[in-house]
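# could you work out the structure for the sequence below:
(4 chains)
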Amino acid sequence: MKVRVLLFASYADALGADSVVVDAQDGATASDVLALVQRRITVPVPPRPMVAINATYAEGSEVVREGDEVAVIPPVAGG
Amino acid sequence: MKVRVLLFASYADALGADSVVVDAQDGATASDVLALVQRRITVPVPPRPMVAINATYAEGSEVVREGDEVAVIPPVAGG
Amino acid sequence: MSAVARLVDRPIDVSALTREVADVGCGATTVFLGTVRDLNDGRAVSGIDYKSYERMAASELQAIADEVAARHQGARVVVEHRLGYLELGDASVGIAVAHARRAASMDAARTVIEEIKKRVPIWKREHYVDGTREWVDPTKSVAHPGQGDR
Amino acid sequence: MSAVARLVDRPIDVSALTREVADVGCGATTVFLGTVRDLNDGRAVSGIDYKSYERMAASELQAIADEVAARHQGARVVVEHRLGYLELGDASVGIAVAHARRAASMDAARTVIEEIKKRVPIWKREHYVDGTREWVDPTKSVAHPGQGDR
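Just a heads-up that it's a prediction; the model follows:
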């Protein structure tokens, strides 16, 4: 399935885009999708991103479904 | 020696005045002066007052000198 | 380091306090306001009259600001305590502390209010809705942990 | 209980936040402001650009306000986070918490800022005086305990 993934901050800069579409297998988890995204980013970016599915933090083991809004969340720096 | 003692809050109300002159012996301590003041106050007032000499908290054993500004400090309630 | 303390007889302006401590070297500002509540120890309050031993209150307040500013390097501290009759909701005390870091700014503001309550010679006479008045004795409020002094 | 969270693209008004949480049942109000410092990790900063995953940032910010208000009975919480380019001294975050008691009001304000820093998807790109820019990675600041993030 095609999954559109939102990117932010250093991740978006590294890719030169604020979203990317990856080709994930049915039943792919959040970690699987993250790995696919990271393969596209070849420059150094801050480590340890989290993944959100539909605007909620997701465990790496959570399964991604077609149409989900998936986002890579680099270490946050608000406040 | 005559010592003028400043009174505040419930102490001033109990005495009906915001200062009182007591007749203390030479060498009298802050505690001695406080005892003299309390003898004049016959209605119930909040307990455990502190004494200040010249606008600084004083130990009970501190000696009062003629001309000092002595004050009875009821439990404070600022803030 | 900068430490200012004032006894005032006009409203406390939270914006002005914030501006007064502002500095581009400070990333965090904590402001604390104590305000007159409508209820204390279960009694309906209509207002509070604040009185002080003014000379000593001014020096103790300044000493607190100085001590706190000295303890947190680079802190900018302003504290105002209002005196006189205050209506419900009026601020009796305003504290602003700016610091490079948030933990220091918060700790410092907290220390200022705790120290004020321990040692600044200010007293308050509560006016109750039923028409009575009473000097508040905070040493009694331990008996009412759920309803005591703010 | 009352809990309001907002992402804004205009200056944060500390007076307005204070008024918004004010209540005669509350004797204490704590306000926290995070502001742009001129120095971070030893580098001279000229401004900071705040970006967010807006949909999620709004819901996380609201969740934090709700959680804190629920933990401290009767708390009135307002939190604003500003987005976009901020100059030195501008406030990026403003938190106001009113409560009957001061300890709860201070603890609640502190929890809000700590939680924001842990979980709200907002990022900042620092602009330096030397013309460069960099996304801030707070996971690195542990190495500079004296100079890290505010």
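# now for the residue of chain C found nearest chain A, how many residues are close by?
As assessed by Cβ to the nearest Cβ, chain A sits closest to residue C:102 within chain C, at 8.1 Å. Yep, even glycine has a C-beta here, placed from its N, CA and C like the rest. The tally of other residues near residue C:102 (other Cβ atoms under 10 Å in any protein chain shown) stands at 24.
# what helix or strand does residue C:98 sit in?
strand C:91-99 (DSSP states H and E).
# could you identify the helix or strand that succeeds that strand?
helix C:102-119.
# what is the mean pLDDT for that following helix?
Here helix C:102-119 scores 98 as its mean pLDDT.
# report the buried residues of it.
Buried residues in helix C:102-119, counted by 16 or more other Cβ atoms under 10 Å in any protein chain shown: C:102, C:104-113, C:115-117, C:119.
# apart from its chain neighbours, what residue comes closest to residue C:110?
residue D:106 (5.7 Å; Cβ to Cβ, 6 or more residues apart in numbering or on different chains).
# hmm, back to that, so the residue of chain C closest to chain A touches residue C:26, yeah?
No: Residue C:102 lies out of contact with residue C:26 (Cβ atoms under 8 Å); the separation is 10.0 Å.
# neighbours around the residue in chain A that chain C sits nearest to, how many?
When distances are taken as Cβ to the nearest Cβ, chain A reaches nearest to chain C at residue A:79, 8.1 Å away. Counted with other Cβ under 10 Å, residues neighbouring residue A:79 total 26.
# element containing it, please.
Residue A:79 belongs to no helix or strand, assigned by DSSP H and E.
# just to revisit the earlier point, could you export the strand holding residue C:98 as PDB, CA atoms only?
Output in PDB follows, covering the C-alpha atoms of strand C:91-99 (Å, rounded to 0.1, in the frame of the first residue of the first chain):
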ATOM      1  CA  ALA C  91      -3.800  41.000  43.900                       C
ATOM      2  CA  SER C  92      -2.100  41.500  47.300                       C
ATOM      3  CA  VAL C  93       1.300  40.300  46.100                       C
ATOM      4  CA  GLY C  94       3.000  40.100  42.700                       C
ATOM      5  CA  ILE C  95       6.300  38.400  42.100                       C
ATOM      6  CA  ALA C  96       8.200  38.300  38.800                       C
ATOM      7  CA  VAL C  97      11.400  36.400  38.300                       C
ATOM      8  CA  ALA C  98      13.300  36.200  35.000                       C
ATOM      9  CA  HIS C  99      16.200  33.800  34.600                       C
END
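# rewinding a little: contacts only, for the residue nearest to residue C:110.
When contacts are counted by Cβ atoms under 8 Å, 6 or more residues apart in numbering or on different chains, residue D:106 touches C:32, C:106, C:109, C:110, D:28, D:30, D:97.
# could you rerun that using 7 Å?
C:106, C:110, D:30 (Cβ atoms under 7 Å, 6 or more residues apart in numbering or on different chains).
# got the phi/psi numbers for the residue positioned nearest the centre of chain A?
With distances taken as Cα atoms, centre = their mean, the residue of chain A nearest its centroid is residue A:72 (3.3 Å). Dihedral angles of residue A:72 (phi, psi; degrees, to the nearest 10) stand at phi -90, psi 130.
# now the residue nearest to it when sequence neighbours are not counted: how far from residue A:71?
Nearest non-adjacent residue to residue A:72, counting by Cβ to Cβ, 6+ apart: residue A:49, 4.9 Å away. Applying Cβ to Cβ, to the nearest Å, the value for residue A:49 to residue A:71 is 9 Å.
# could you do residue C:108 as well?
38 Å.
# residue C:79 now?
In terms of Cβ to Cβ, residue C:79 sits 45 Å off from residue A:71.
# who touches whichever residue of chain A sits closest to chain B in this structure?
Closest to chain B within chain A is residue A:79: 28.5 Å, counting by Cβ to the nearest Cβ. Residue A:79 makes contacts with D:34, D:92, D:93, D:113, D:116, D:117, as judged by Cβ under 7 Å, 6+ apart.
# if we go to 10 Å?
Residue A:79 is in contact with C:27-28, C:102, D:32, D:34, D:50, D:81, D:92-93, D:95, D:112-118, D:120, D:122, D:124, D:138, D:149-150, counting by Cβ atoms under 10 Å, 6 or more residues apart in numbering or on different chains.
# around chain C, pick out the residues from chain A.
residue A:79 (Cβ under 10 Å from any Cβ of the partner chain).
# remind me, longest helix of chain A?
helix A:30-40 (DSSP state H).
# tell me the helix or strand right after that one.
Next along from helix A:30-40, by DSSP H and E: strand A:50-53.
# helices or strands next to that following strand in the packing?
Judged by 3 or more Cβ pairs under 10 Å, 6 or more residues apart in numbering or on different chains; DSSP states H and E, the packing partners of strand A:50-53 are helix A:30-40, strand A:56-58, strand A:70-73, helix D:54-71.
# ok, now which ones touch the most centrally placed residue in chain C?
For chain C, residue C:93 is the residue whose C-alpha lies nearest the centre (Cα atoms, centre = their mean; 3.2 Å). When the contact criterion is Cβ under 10 Å, 6+ apart, the partners of residue C:93 are B:78-79, C:12, C:32-35, C:50, C:61, C:79-82, C:112-113, C:116-117, C:120, C:122, D:28, D:102.
# isn't the residue nearest to the centre of chain A up against residue A:57?
No: using Cβ atoms under 10 Å, residue A:72 is not in contact with residue A:57, being 11.7 Å away.
# next, show the common contact partners of those two.
Contacts common to residue A:72 and residue A:57, judged by Cβ under 10 Å, 6+ apart, are A:30, A:50, A:51.
# picking up where we left off before, most tightly packed of the helices and strands packed on strand A:50-53?
strand A:70-73 (a mean of 24; mean count of other Cβ atoms under 10 Å in any protein chain shown).
# got a list of contacts for that one?
So strand A:70-73 is contacted by A:3-9, A:11-12, A:15, A:19-20, A:22, A:24, A:28, A:30, A:33-34, A:37-38, A:41, A:45, A:48-58, A:64, D:53, D:55-56, D:119, D:121, D:123 (Cβ under 10 Å, 6+ apart).
# this completes my enquiry, with thanks.
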